[in-house]
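> the sequence isn't on hand, but the structure is:
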C-alpha cells in the first residue's frame, strides 16, 4: 500500500467515525476531510474546490429550489386534501400515503415531500383513533423509495450520473433510473401496505379527538403569580391538587438566581417562583386550570406587556382543544407543534440566544426530545434535530415563522389556499424542465437551473426564500466529498477495495457480486449521509466493473439504489430522523420494518438491474 493510499484510507476512516459519532455536523466533517487531503497533497491544490462547480452539486441545489417552487404553488396540496378522504382502514391509509409520497419524491426533494404529507398522516391517525407511529415510518420509507425513480429524485442519482460521465459514458438521463426504481418502489410500497405496517411498533396510543399531539415528556416552565392560591403553600399541596387528573413531575424550582434541582415536596412556594415541570399536554392544561399557575413562556416576568401575553397564552392553551386559536385584543394567537428539521437554524442554538420572540414573533412554550429527559431551563436548551416544540405565534405569521426557522408543522395545518394559475404555471415550468432533460436538449444541470430561475422570475419563489430553500449542509457535503472520492480513485484506493470485493465474491456469480456491493453501500448509507455514501462507493463500483471486464452501468445502478435505501437507522436519512419524535420511535425500531424492506429491495433490484443494464 502506497503512502497516498494510507493517507486516503486514514482520512476516510476518520471521516466515517466522525459521521457515525455525529458530534459535528456532516458538512463540517466533510470539509475537514477535504482540507486534510489537500494539506497532505493527496488532492491537488487546483482541484480542492472543484466540487463547487460540479454538475451534481449545481443540480442538487437547483432541484431544492424547484421543489420549493412546487410547494409554494400548491401543486400537491390538492392531492393531500384528497388523501383525507381515504377512510380509516389502516392498509388503505398506509397504501395511499406511501404511494403518493413515493411518487412525489421522484420529482422533488425527499424531505420536502415528507414535510408536506406528515401533517396529513398525523391528522388521519388522529381521526382514526390510532397512534401516528403506524403511518409515519412507512411515510418516511416511501419518500426514500420514491427517490429512486428519476435522475432528480435524490442526490445519489445525480452523483452517479456524474460518475458515469467521468467513466467515459454519457450521463444517465432523466428516466434512466425509472425501470429499476419503479420495480423497487412498487414492490416496497406493496410490501409496506400489505404487511410492513404491521411490523411498525405502536407508540403513544391516543384518542382521535384532534388534541395536541400526545408527548409524554414535554418540558415547560410555569410561574407562581401573585394571584395563585398556592403561593405560600407547599409544592406537595400544588401537586396533590391535580394528582387525580394529571401526571406532573417538577424537575426544578428557580427562585431569583437560585435553582433547586428536584426540590423537596415540602418546599414553600413564593410569588414569582418558576417551576420546570415535565408533563403531557393534558396534564399541563389541568395544572393551569386547577392551581392558577401561569405559563412562563420563557420571557421576562417583570414586563407588563409580556405578562399580558402570558395571560393570552393561558387562554390559548385552554381553548386549543376546541378551536386551536383564540382572538385577543392584540390579534389572533395560535398554538402549534412543530418539529426541528436537520437543517433548521435552531439546531445547536438556544431560544434566548436567538431572541425568537423579538426576531421571529414566536414563543417557545415547551420542548420534547425523544429518548432524553431535558432538565435545563427553556431558554438554555440547545435545540437538536427532531425536537418537538410547542410554539405560540400570531396565526397569520405562523407559517412564515416556521419556514424561516426551518421547522415543520406537526398539527394538521390548514393546507394553503392556492390559485389555479400558480398550480398550472409551476406545473408547466417543471414539465418543460423535465422534458428538456429527458430529450437531452441541454445538460441536466443547465435545465434545472433554468427552471429554478424561471420560477423565481415569475414570483413562485420569493427572493428572500431562494437561499433558504437550498440545503447548504448537503451542498457543502457533496462539494467537499467529490474531490475526496476522486482522490480515492487516483491513489488506487478504489482499486484495492474492488480487488478485496472480487476476492470475497470470487465464488459468487456476477449477480452475487452486484448484490454484495449493494448491501455494502446500504450499510454505509445507514450511518452516513447517502450522498457521501454514493461519492465514496462510485469509484469502487467503477474499479470493480473494470476488474471484472464488464459494463460499469449495473454497478453504478447498484450504488445508486443502495445509497438511497437507508431503512435500518434513524440517522441514515433526514426523513428517518424527522419522524422519530412524532412517531415515538426508538433507535432499534427501524430495523423491524427496515430489514425485511432492505432484503426485498436487493432481491428486486439486482435482477431488474441485470435485465435492464446487462453486464
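Sure thing, it's come through. If you're wondering where the values come from, they're calculated on a predicted model, not measured in any experiment.
> quick check: end-to-end length of stretch 221-231?
16 Å (C-alpha to C-alpha, to the nearest Å).
> same question for stretch 165-179.
20 Å.
> which parts of that stretch are buried?
167, 171, 172, 173, 174, 175, 176, 177, 178, 179 (16 or more other C-beta atoms under 10 Å). Placement of C-beta: from N, CA and C, glycine included.
> need the longest strand for this structure.
Longest strand of the chain, by residue count under DSSP state E: strand 331-340.
> return the per-residue confidence for the residue nearest the centre of the chain.
By C-alpha atoms, centre = their mean, the chain has its centre lying nearest to residue 574, at 3.4 Å. Predicted confidence (pLDDT) for residue 574: 80.
> and the gap between it and residue 478?
Going from residue 574 to residue 478 by C-beta to C-beta, to the nearest Å gives 14 Å.
> so where is the stretch 201-350 of the chain shaky, pLDDT-wise?
For the stretch 201-350 of the chain, residues meeting the criterion pLDDT under 70 lie at 203-218, 245-246, 281-282, 297-333.
> which stretches of the protein form strands?
So, for the chain - with DSSP E - the strands run 218-223, 249-255, 258-261, 274-279, 294-295, 325-328, 331-340, 362-368, 388-394, 407-409.
> tell me which of those strands sits most buried.
Among these, the stretch with the highest mean neighbour count (mean count of other C-beta atoms under 10 Å) is strand 362-368, at a mean of 25.
> got the domain ranges for the protein?
The chain breaks down into these domains under automatic domain parsing: 3-204+439-612, 218-409.
> single out the most deeply packed of these.
It is domain 3-204+439-612: most buried of the domains of the chain by mean count of other C-beta under 10 Å, with a mean of 21.
> any idea how far that one is from the chain center?
Distance, stretch centre to chain centre, for domain 3-204+439-612: 13 Å (C-alpha atoms, centre = their mean, to the nearest Å).
> same thing with stretch 602-615?
Relative to its chain's centre, stretch 602-615 lies at 30 Å (C-alpha atoms, centre = their mean).
> contacts for it?
179-180, 183-184, 187-188, 510-511, 514-515, 518-519, 522, 548, 550-551, 553-554, 557-558, 561 (C-beta atoms under 8 Å, 6 or more residues apart in numbering).
> do stretch 253-265 as well
Contacts for stretch 253-265 (C-beta under 8 Å, 6+ apart): 234-236, 239, 250-252, 267, 270, 272-276, 375, 377.
> endpoints of stretch 120-135, how far apart?
Using C-alpha to C-alpha, the span of stretch 120-135 from its first residue to its last is 10 Å.
> pLDDT on it, on average?
Stretch 120-135 shows an average pLDDT of 81 in the prediction.
> same check, this time on stretch 72-87
For stretch 72-87, the mean per-residue pLDDT is 68.
> picking that back up, by pLDDT, give me the weakest of the buried residues of stretch 165-179.
Out of those, that is residue 167, at 82.
> state the distance from that one to residue 51.
On the measure of C-beta to C-beta, residue 167 and residue 51 end up 18 Å apart.
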